[in-house]
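*Asks:* Pasting a predicted model and its sequence here:
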Amino acid sequence: MKRRLALVCVALLCSACLRATTTITVRQDGSGLIDQEVGANPEAMAMLKGFAGAAAEQQKSGAAASPSTPPSIFGEPEARKLADQMGVKFVSGEPIKTAELEGYRAHYSFDDVTKLKVKMNQDASGGLAGSGKTAGEPPFGFQFEKHGASSLLTINMPEQKPGSMGPLNQLGMGGATQNSAQNEQAVAMMKMMLKGLYVDVTLAVDGKVIKTNAPYVNGSKVTLVQMDFDKLLASEGALQKLQQASDPRSLKDIPGLKVVAEPKVTIEFGR
């Protein structure tokens, strides 16, 4: 348990590196694809691998010391585990390695969008820590109806409890603190931990959006959640407002943040 908690802490301290994007594409018959990218900068990746390797060595009891392959942080084994959690099929994947990012790009398929179990922060928590931090978080809910030449997709957005807006709550820092000194310390810690963090969950339809109540639409794509913490941190008072928020509707004017306030998003689409 101590080793697991330590790994979670290291993952959070390395969240300055984290970039996680998920695009869910829904076809006319309710089947579809999920493309997901998750990664970290090379320095943070080296730290994560080093810590994970040390933890793995400590778990060996009575085994002779021998050279071992650096542990996988983002790779096919993690993608396959995530496929089981989301109720989808793992199709393929490939590593990502650039001067700025090291990670993994995974491709999944599904036959019925209504059976998906995608959570708001599932990619980030599962990819980094593998600690099940999203276990108590409700997933997006999907309903699908075929109406002649068009299809109707309804997305039930995860309910957020007052003072515990999604990602901050996942990091254990949702809600206001009891006094100004504590609040200043919490804000300073969040600025350090969240710098560079980028999370995006987008819904794309195979066709043309005919009608929707979603506020963030770009062609055939609808943004459900997008958080660019570099932009957020650059805006005076934005982090405090996010930390203390009790209603998604109060977040619509925060730079770098897109969160659907409606409890249900409907998307009618067709050819």
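*Replies:* Okay, I see it. Numbers count the residues shown, from 1 in each chain.
*Asks:* all helices for the protein, in order.
*Replies:* Assigned by DSSP state H, the chain shows helices spanning 2-13, 42-59, 76-86, 122-128, 166-170, 180-194, 229-233, 238-244.
*Asks:* which of those helices has the lowest average pLDDT?
*Replies:* Between the helices of the chain, the one with the least mean pLDDT is helix 2-13; it has a mean of 41.
*Asks:* Can you point out the buried residues in stretch 80-93?
*Replies:* 82-83, 85-86, 88, 90, 93 (16 or more other Cβ atoms under 10 Å). Quick note: C-beta positions are derived from backbone N, CA and C, even for glycine.
*Asks:* Closest one to residue 26 out of those, please.
*Replies:* Residue 26 lies nearest to residue 88 out of these, by Cβ to Cβ, at 12.5 Å.
*Asks:* The closest one and residue 109 touch, don't they?
*Replies:* Yes: using Cβ atoms under 8 Å, residue 88 is in contact with residue 109, at 6.5 Å.
*Asks:* intersection of neighbour lists for those two?
*Replies:* When contacts are counted by Cβ atoms under 8 Å, 6 or more residues apart in numbering, residue 88 and residue 109 are jointly contacted by residue 34.
*Asks:* which regions of the chain sit below the pLDDT cut-off?
*Replies:* 1-17, 44, 48-73, 120-137, 160-194, 239-248, 250 (pLDDT under 70).
*Asks:* Apply 80 and report the result again.
*Replies:* Low-confidence segments of the chain, defined by pLDDT under 80: 1-17, 41-74, 119-138, 159-196, 232-253.
*Asks:* where along it do the strands fall?
*Replies:* Using DSSP state E, the strands of the chain run over residues 19-26, 32-40, 89-97, 102-110, 141-147, 150-156, 198-205, 208-212, 217-218, 221-228, 257-259, 264-270.
*Asks:* Switch the ones you listed over to JSON lines; also include distance to residue 251.
*Replies:* Listed next are those as JSON lines, based on distance: least, Cβ to Cβ, whole Å:
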{"stretch": "strand 19-26", "distance to residue 251": "19"}
{"stretch": "strand 32-40", "distance to residue 251": "24"}
{"stretch": "strand 89-97", "distance to residue 251": "30"}
{"stretch": "strand 102-110", "distance to residue 251": "27"}
{"stretch": "strand 141-147", "distance to residue 251": "21"}
{"stretch": "strand 150-156", "distance to residue 251": "18"}
{"stretch": "strand 198-205", "distance to residue 251": "14"}
{"stretch": "strand 208-212", "distance to residue 251": "20"}
{"stretch": "strand 217-218", "distance to residue 251": "18"}
{"stretch": "strand 221-228", "distance to residue 251": "10"}
{"stretch": "strand 257-259", "distance to residue 251": "5"}
{"stretch": "strand 264-270", "distance to residue 251": "16"}
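*Asks:* out of those strands, nearest to residue 76?
*Replies:* strand 89-97 (5.5 Å).
*Asks:* and the closest one, which strands flank it?
*Replies:* strand 102-110 (antiparallel) (DSSP bridges).
*Asks:* How about residues contacting the strand it pairs with?
*Replies:* Contacts for strand 102-110 (Cβ under 8 Å, 6+ apart): 19, 31-42, 45, 74-76, 78-79, 82-83, 86-96, 116, 127.
*Asks:* Now residue 207: closest residue in space that isn't a chain neighbour?
*Replies:* residue 269 (4.8 Å; Cβ to Cβ, 6 or more residues apart in numbering).
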